[in-house]
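Asker: Structure of the sequence below:
(one chain, ligands or ions: 3)
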Amino acid sequence: MKKSSIVIAGGGSTFTPGIVMMLLDHADRFPLRQIKFYDNDAERQEKIAKACEILLKERAPEIAFSYTTDPKEAFTDIDFVMAHIRVGKYAMREKDEKIPMKHGVFGQETCGPGGIAYGMRSIGGVIEILDYMEKYSPNAWMLNYSNPAAIVAEATRRLRPNSKIINICDMPVGIEDRMAEILGLPGGRKDMTVRYYGLNHFGWWCDIRDKDGNDLMPRIKEHVAKYGYIVNPEAHNDEASWNDTFGKAKDVYAVDPDTLPNTYLKYYLFSDYVFNHDNQHPDHTRANEVMEHREKNVFAAAKEIVEKGTAVDCKFQSDDHASYIVDLAEAIAFNKKARMLLIVPNDGAISNFDPTAMVEIPCIVGSNGYEKVCIGKIPQFQKGLMEQQVSVEKLVVEAWITGSYQKLWQALTLSKTVPSASVAKAILDDLIEANKDYWPELK
Ligand SMILES: NC(=O)c1ccc[n+]([C@@H]2O[C@H](COP(=O)([O-])OP(=O)(O)OC[C@H]3O[C@@H](n4cnc5c(N)ncnc54)[C@H](O)[C@@H]3O)[C@@H](O)[C@H]2O)c1
Ligand SMILES: O=P(O)(O)OC[C@H]1O[C@H](O[C@H]2[C@H](O)[C@@H](O)[C@@H](O)O[C@@H]2CO)[C@H](O)[C@@H](O)[C@@H]1O
Ligand SMILES: [Mn+2]
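Answerer: Residues are numbered from 1 along each chain as shown. Ligands and ions are numbered 1, 2, ... in the order given. Sure, this is the predicted structure:
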């Protein structure tokens with residue numbers, strides 16, 4: 001069986017150890033000959049890499065492992081780039097989430113003004129990595145899940161339209177895992193065939209069937225109408241903010257009971273609720289929660305492995321949730337014709353929506369890339385929401401490409417999450433100051 005060579009771009013990511021362990025768990029279907037890490041922060045990456053080096057020596061000594069900040073070293077002899085960078089890291093995510101709140105607008109990682117600020121930082125970083133891949137391993141594929149995926153996807157469509165890059169997201173995967181658990185499907189979400197449409201972090205399921213073609217939507221809707229995507233209402237086994245999000249899907253669903261919503265729609269349909277409720281304390285947002293938990297725990301686990309000199313009984317946890325990344329890489333490597341949600345150019349798949357939009361829809365994936373499942377016409381409600389949101393995303397990319405203050409002000413003004421052009425301008429001026437080391441200069 002062919003063995004692949006991958007580089008994880010963003011080797012210092014809190015997700016890297018979980019993904020490495022998940023890759024080892026799936027080595028039977030996606031065998032590896034080489035894993036490399038690449039990051040532009042040597043110190044951060046080395047903390048994770050030293051621990052993963054020990055883990056790989058113990059559990060998969062046949063896999064060549066290295067880590068570097070040198071692009072030529074990182075991107076040479078590669079079949080896949082798995083990219084999960086966070087330009088500005090959590091310090092900037094915290095600003096993305098806190099600055100809008102000073103102006104009465106919620107702060108969020110990928111939605112609203114926070115997502116726009118994040119997008120203006122991410123575009124350059126992702127394009128740079130894509131160019132490294134094409135320079136040193138021109139036949140490789142880039143599987144990108146660096147956020148905000150919607151803006152990054154639009155930027156790669158505009159700037160690198162012919163590149164071998166596929167943009168992906170794990171939110172639908174996480175929600176489908178919950179749907180399958182609600183239904184008690186023995187094979188989990190892979191027992192479901194879904195029809196889904198939207199933008200990244202802005203979509204709806206419109207049809208879900210089991211392998212025999214039975215409609216599963218009624219049973220899922222019955223649960224969601226009462227509990228949202230909380231599987232077991234008695235057990236609160238999620239972090240507080242995630243529990244809120246999965247529970248709020250109940251109210252998001254009520255707005256259109258013909259479909260089932262992506263949880264991120266709460267930020268657009270209930271932005272007042274979010275501002276007044278969702279861990280939206282001006283001094284403590286989701287970024288702080290993650291720094292206090294995931295980031296702290298992952299780096300503590302890495303430190304412990306290095307100090308002990310072994311990964312036996314370590315606290316790294318395999319992120320099987322991320323196995324959708326292996327599904328994608330395996331489908332390309334072995335021409336599996338697997339069906340999965342990808343963020344791709346619409347080109348008529350949604351027949352009554354902008355053909356140049358980057359839409360999140362089911363695709364069939366094989367060694368030649370992806371083929372889109374035809375969705376056809378979408379309802380007026382979703383069409384209207386998506387036209388506004390995709391225009392925001394397009395204006396952000398236009399602002400980045402042209403260095404236009406005006407276009408970015410328009411993007412913020414157009415966002416459903418911002419009440420007026422004056423609030424948009426106040427937020428923009430604060431974000432420009434906070435991002436002066438990351439954004440292109442705006443005129
Ligand atoms: N698509 C999805 O559904 C999904 C799911 C989870 C996480 N993510 C994304 O994965 C990314 C990583 O998340 P995290 O919380 O682990 O972040 P993190 O800050 O822990 O790690 C990100 C790493 O990227 C590195 N980096 C930043 N800019 C870089 C550049 N220009 N070149 C190379 N490396 C660079 C940082 O130094 C850091 O080590 C984020 O973008 C996050 O939003 C996406
Ligand atoms: O606030 P964070 O950093 O914990 O999560 C933000 C990311 O949320 C989604 O990914 C989730 C996934 O959907 C959920 O089920 C769980 O497995 O954790 C993942 C990462 O936390 C979303 O898809 C990403 O784009 C966000 O970055
Ligand atoms: Mn996502």
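
Asker: Backbone dihedrals for the closest residue to ligand 3 within the stretch 201-350 of the chain, both of them.
Answerer: Using C-beta to the ion, the closest approach of the stretch 201-350 of the chain to ligand 3 is made by residue 201 at 5.8 Å. All C-beta spots, glycine's among them, are computed from the backbone N, C-alpha and C. When read as degrees, to the nearest 10, the backbone of residue 201 gives phi 60, psi 30.

Asker: I figured residue 336 was touching residue 365, is that so?
Answerer: Yes: using C-beta atoms under 8 Å, residue 336 makes contact with residue 365 at a distance of 7.0 Å.

Asker: higher neighbour count, the two?
Answerer: Ranked by neighbour count (other C-beta atoms under 10 Å), residue 336 and residue 365 place residue 365 first, with 22 against 17.

Asker: Wasn't the more buried one part of a helix?
Answerer: No: looking at residue 365 with DSSP: H, G, I helix; E, B strand; the rest coil, it is strand, so not inside a helix.

Asker: wait, what's in contact with it?
Answerer: 328, 331, 332, 336, 337, 338, 339, 340, 342 (C-beta atoms under 8 Å, 6 or more residues apart in numbering).

Asker: ok, what's across the strand from it?
Answerer: Beta-bridge partners for residue 365, by DSSP bridges, are residue 338, residue 370.

Asker: ok, now how distant is it from ligand 2?
Answerer: Using C-beta to the nearest ligand atom, to the nearest Å, one gets 19 Å for the distance from residue 365 to ligand 2.

Asker: now the strands for the stretch 301-443 of the chain?
Answerer: 338-345, 358-366, 369-372 (DSSP state E, counting those that start in this stretch).

Asker: Residue of the stretch 51-200 of the chain nearest ligand 3, please.
Answerer: residue 169 (3.4 Å).

Asker: Could you double-check that that residue lies in contact with residue 145?
Answerer: Yes: if you go by C-beta under 8 Å, residue 169 and residue 145 touch, sitting 6.6 Å apart.

Asker: OK, contacts around the nearest residue to residue 391 once chain neighbours are set aside?
Answerer: Distances taken as C-beta to C-beta, 6 or more residues apart in numbering place residue 414 nearest to residue 391, at 5.8 Å, with adjacent residues excluded. Listed by C-beta under 8 Å, 6+ apart, the contact partners of residue 414 are 388, 391, 392, 395.

Asker: Which pLDDT value goes with residue 414?
Answerer: Confidence at residue 414, expressed as pLDDT, is 98.

Asker: before we move on, what about residue 397?
Answerer: Residue 397 is assigned 99 on the pLDDT scale.

Asker: next one: residue 57
Answerer: You'll see residue 57 listed with a pLDDT of 98.

Asker: Equivalent analysis for residue 279, please.
Answerer: On the pLDDT scale, residue 279 is placed at 57.

Asker: same question, residue 236
Answerer: At residue 236, the pLDDT value in this model is 63.

Asker: just to revisit the earlier point, for the contacts of residue 414, which one is nearest ligand 1?
Answerer: The closest of the contacts of residue 414 to ligand 1 turns out to be residue 392 (C-beta to the nearest ligand atom; 18.2 Å).

Asker: pretty sure that closest one is touching residue 119, no?
Answerer: No: if you go by C-beta under 8 Å, residue 392 and residue 119 don't touch, sitting 9.7 Å apart.

Asker: Compare those two (neighbour count), which wins?
Answerer: Neighbour totals were compared for residue 392 and residue 119, and residue 119 leads with 28 against 24 (other C-beta under 10 Å).

Asker: Would you mind listing what in this protein touches ligand 3?
Answerer: Within the chain, the positions adjacent to ligand 3 are 169, 171 by C-beta under 5 Å from the ion.

Asker: give me that answer again for 6 Å
Answerer: Contact residues, the chain versus ligand 3 (C-beta under 6 Å from the ion): 149, 169, 170, 171, 201.

Asker: Turn those residues into TSV, including secondary structure and neighbour count.
Answerer: As requested, those are exported to TSV (DSSP: H, G, I helix; E, B strand; the rest coil; neighbours: other C-beta atoms under 10 Å):
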residue	secondary structure	neighbour count
149	helix	26
169	coil	24
170	coil	18
171	helix	18
201	coil	26
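
Asker: Pick out the most distant pair among the residues you listed.
Answerer: Greatest spacing in these, by C-beta to C-beta: 170 and 201 (10.9 Å).

Asker: Let me know how buried residue 377 is, in neighbour terms.
Answerer: Residue 377 has 10 nearby residues by other C-beta under 10 Å.

Asker: dump the residue contacts of the residue nearest to residue 114 when sequence neighbours are not counted.
Answerer: Nearest residue to residue 114 in three dimensions, chain neighbours excluded: residue 96, at 3.7 Å (C-beta to C-beta, 6+ apart). Neighbouring residues of residue 96 by C-beta under 8 Å, 6+ apart: 107, 108, 109, 113, 114, 115, 117, 118, 287.

Asker: what helix or strand is the closest residue to ligand 2 within the chain on?
Answerer: When scored by C-beta to the nearest ligand atom, the chain has residue 174 as its residue closest to ligand 2, at 2.6 Å. Using DSSP states H and E, residue 174 maps to helix 171-183.

Asker: Spell out which strands sit alongside the helix or strand just after that helix in the sheet and which way each one runs.
Answerer: Using DSSP H and E, the helix or strand that follows helix 171-183 in sequence is strand 193-199. Strands that pair with strand 193-199, judged by DSSP bridges, come out as strand 202-209 (antiparallel).

Asker: Mind naming the longest helix for this structure?
Answerer: In the chain, assigned by DSSP state H, the helix with the most residues is helix 112-136.

Asker: Which of the residues in that one are classified as buried?
Answerer: The neighbour-count check on helix 112-136 (16 or more other C-beta atoms under 10 Å) flags 112-123, 125-127, 129-130, 132-134, 136 as buried.

Asker: Show me which of the contacts of residue 414 are buried.
Answerer: If we count by 16+ other C-beta under 10 Å, the contacts of residue 414 have these buried: 391, 392, 395.

Asker: of the residues you listed, closest to ligand 3?
Answerer: residue 392 (16.8 Å).

Asker: helix/strand/coil for the nearest residue to residue 286 once chain neighbours are set aside?
Answerer: Take residue 286 and drop its neighbours on the chain: the residue closest to it by C-beta to C-beta, 6+ apart is residue 241, 5.5 Å away. Classification of residue 241 by three-state DSSP places it in helix.
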